[in-house]
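Novice: below: sequence and its predicted model.
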Amino acid sequence: MKHGKKKPRVDFTNLKQAIADPTRYGMAPNLSEQLETTQLNKFGTKGGTGFAAEEANAMHDKIRLIKVDKVGKNNAKNGADRIAGGKPIQTKYFDTASKTVNDAFDSQGGYRYEGMQLEVPRDQYERAVEIMKKKIAEGKVPGVTNPEAAASIVKQGSVTYKQAYNIARAGNLDSLWYDVKNGVICSSCAFGIALSVSFARAKWNGESTKLALTEACRTGAMAFGSALLTSVIAAQLLRTQAARIGTQQMRKVLEELGKSTLGKELINRMASASAGEQLAGAAARNHLAKVLRTNIVTGVTTTVVMSIPDLYRAVYKGDTSWAQVAKNFGINGSGVAAGAGGWAAGAIAGAAAGAAFPPLLPVTTFVGALLGSVAAGSAASYLAKMGLDWIKPDDAAEMLQFLNDGLIELCEEYLLTSEELEMLVAYVRAQCDQAFFRTLYASADRRQFVRDRYIIKCQTLVVHRPKIILPPAEKVQQMLDDMIAEMTQQIFDAVHAEYVPNFVIVNGIPGCAELV
């Protein structure tokens, strides 16, 4: 053990953590992609209530395990908004039942959605059925003559008009509850990946199936909770005016980038990989602008959510410094930002790899994106930690010096042998986890904390020493006499060899060698 400040030691903590939990850096771009599959970006536009109603009702079907295909994205004239359980559905949401039903009829009064169900606000269903009966009786619904068929044509939505109106806006219970339910669906991917990887790693390390599954479920639950919270916060932020302004600014940046051949090709490739279809020109720029905006929002939100434990420890427990909080935020932010870039690059590579086998394209694209985010995110966070370690060592590194000094005092006080010292070090090393260093940081007297924690171990080591019986006084005196005689002889021999090399002793009388 040595005193003095040490240069921060480079370690692979972040790299190991990223490999153990691939959702760490892939969570933000994955959530961004999930949110972009919805019409969330249209909630703030004219008709946003209708778009919110479409998404809420589609999600209601998914939760009930009904297969949903959102075919309305193709913007086909008089086409269905979705196909749920094999049934084409057109969703209409206005503030009154008459407006809702009448919007499904053209200027000549004919029903525009032949063969489709008309989905209406839950609170308008009964009134909408009555209006549809009159339309049928008037012959305005092609192929239908029985007014009682109105009940099968009109479909009751899962939310009311007011609820859909609220879902389209941020900061209310209806939109929060919708985001929670949508977040559960989006976050299930993070749970599955984290659980699978954690279980596999535990089994590779020789753990039992029960212990491996316990740890995997715990890891999966933590990843799920983090992803769910991130999803809800990000979805609320994306409803704000600031998010819409961000999209406009991002579109301007992409327009400038697209003026070069290389930039245009990059935009087209990234947009196509994200959308899962070939996009080019303005369509690619518009799509990519929304994707980048969403990635920025989810990336910042993810970094903040990842920092919540650090903030809690700094504010309430006092076992983490604010400098450490800022350092961790920088490391996490670097990893998340690079993870988003790695996700995009990996998705492009995965899409290229799966182009020859179209059925495998979604799988290769996702796997490529995940591997790209893990590689880029872990590398960036590792490099960020290396740089920040030179500026501000970790709290644990600083606390290690207090631990080192305290153990030196105990070793000197109890005169520990080398074997006892090794036993003490092994005991201390087994307890030196993050929780220990955080407790040490929060203690008022850190040197005393170390002493109080390990003094009993030192006493235990001393107790097991064999008893020592001192020799009797006469043996001590004999030993001293022998030592004195030996020392005297050594001194005499040294003086004789140095100063009287030509003298010899004959019959006890010293004399010169030449005269004898």
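Specialist: Arrived safely, thanks for sending.

Novice: next one: Glu419 from Thr240, what distance?
Specialist: Applying C-beta to C-beta, to the nearest Å, the value for Glu419 to Thr240 is 66 Å. Heads up, the C-betas are built off the backbone N, CA and C, glycines and all.

Novice: contact partners for Ala273?
Specialist: Contact analysis of Ala273 by C-beta atoms under 8 Å, 6 or more residues apart in numbering lists 344, 347-348, 350-351, 365.

Novice: what sits against the nearest residue to Val180 once chain neighbours are set aside?
Specialist: Spatial nearest neighbour of Val180, chain neighbours left out: Val232 (5.9 Å); criterion: C-beta to C-beta, 6 or more residues apart in numbering. Val232 sits next to 176, 179-180, 183 when contact means C-beta under 8 Å, 6+ apart.

Novice: that older thread, I'd like the contacts of Ala273 as CSV, with distance to Cys458, neighbour count and pLDDT appended.
Specialist: Converted to CSV, the contacts of Ala273 look like this (distance: C-beta to C-beta, whole Å; neighbours: other C-beta atoms under 10 Å; pLDDT from 0 to 100):
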residue, distance to Cys458, neighbour count, pLDDT
Ala344, 56, 25, 73
Ala347, 57, 27, 73
Ile348, 60, 20, 73
Gly350, 58, 24, 76
Ala351, 62, 21, 71
Thr365, 59, 23, 74
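
Novice: among these, which are in strands?
Specialist: Under the assignment DSSP state E, these contribute nothing to strands.

Novice: nearest to Pro466 among the residues you listed?
Specialist: Relative to Pro466, the closest of those is Gly350; by C-beta to C-beta it sits at 67.3 Å.

Novice: how about the contacts made by Val450?
Specialist: Val450 makes contact with 402-403, 405-407, 440 under the criterion C-beta under 8 Å, 6+ apart.

Novice: can you tell me the element it falls in?
Specialist: Per DSSP states H and E, Val450 falls inside helix 446-463.

Novice: tell me the buried residues in that helix?
Specialist: Across helix 446-463, burial judged by 16 or more other C-beta atoms under 10 Å covers 446, 449-451, 453-454, 457-458, 461.

Novice: distance check, the nearest residue to Gln156 once chain neighbours are set aside against Val159.
Specialist: Residue nearest to Gln156 in three dimensions, not counting chain neighbours: Tyr125, with 4.1 Å by C-beta to C-beta, 6+ apart. Tyr125 sits 12 Å away from Val159, going by C-beta to C-beta.

Novice: looking at those two, which is more packed in?
Specialist: More neighbours surround Val159 than the other of Tyr125 and Val159, with 23 against 19 (other C-beta atoms under 10 Å).

Novice: distance check, the more buried one against Phe329.
Specialist: Taken as C-beta to C-beta, the span from Val159 to Phe329 is 38 Å.

Novice: what domains does the record give for the chain?
Specialist: In the domain annotation for the chain, the residue ranges read 13-21+204-391, 45-168, 395-463, 473-512 (automatic domain parsing).

Novice: make JSON lines out of these and add distance to Pro29.
Specialist: Listed next are the domains of the chain as JSON lines, based on distance: least, C-beta to C-beta, whole Å:
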{"stretch": "domain 13-21+204-391", "distance to Pro29": "4"}
{"stretch": "domain 45-168", "distance to Pro29": "21"}
{"stretch": "domain 395-463", "distance to Pro29": "28"}
{"stretch": "domain 473-512", "distance to Pro29": "79"}
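
Novice: nearest approach to Val197 belongs to which of those domains?
Specialist: Nearest to Val197 among those is domain 13-21+204-391 (7.2 Å), distances taken as C-beta to C-beta.

Novice: quick one: low-confidence parts of this protein?
Specialist: Low-confidence segments of the chain (pLDDT under 70): 1-23, 74, 276, 319, 382, 385-398, 401, 468, 470, 495-516.

Novice: all strands for it, in order.
Specialist: Using DSSP E, strands in the chain cover 68-69, 82-84, 87-91, 117-120, 154-156, 503-506, 509-512.

Novice: what is the neighbour count of Glu422?
Specialist: 11.

Novice: please tell me how far it sits from Glu409.
Specialist: 18 Å.
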